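Chemist: Provided below are the primary sequence and the corresponding predicted coordinates.
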Amino acid sequence: MGEMSRDEVIKILEDQNRSASREKIIMYADAYIDYMDAQKNIKENGALVAHPKTGAPFDNPYLKIRQQMATAIGKLRLKSDPLWYD
């Protein structure tokens, strides 16, 4: 579906979850945007990156962010298929 703005994500979530609270929708939208940003970074830079000072390989810090956002999204339990599937 490509990159979406926060407002676009919120609109989709509101359409799919008419009885959900605005707060829950905003939390999901923020976690989704952060998840997608992390996923983009991992795709562009890989799971292992070079340390900026030493050059030694280490886990991309965005792996942790992606996992944290996936956990948050899973706990919110909103209908969101249009965000994930074309």
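Modeler: That came through fine.
Chemist: residues near Glu23, how many?
Modeler: Using other C-beta atoms under 10 Å, Glu23 has 8 neighbouring residues. C-beta here means a position set from N, CA and C on the backbone, and glycine is covered the same way.
Chemist: Okay, buried residues for the helix or strand that contains it please.
Modeler: Assigned by DSSP states H and E, Glu23 belongs to helix 22-45. Buried residues in helix 22-45, counted by 16 or more other C-beta atoms under 10 Å: 25, 27-29, 31-36, 38, 41-42.
Chemist: In CSV: the residues you listed, plus pLDDT.
Modeler: Below are the buried residues of helix 22-45 laid out as CSV (pLDDT from 0 to 100):
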residue, pLDDT
Ile25, 98
Met27, 98
Tyr28, 98
Ala29, 98
Ala31, 98
Tyr32, 98
Ile33, 98
Asp34, 98
Tyr35, 98
Met36, 97
Ala38, 97
Asn41, 96
Ile42, 97
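Chemist: nearest to Asp86, of those residues?
Modeler: Asp86 has its nearest neighbour among those in Met36, at 14.1 Å by C-beta to C-beta.
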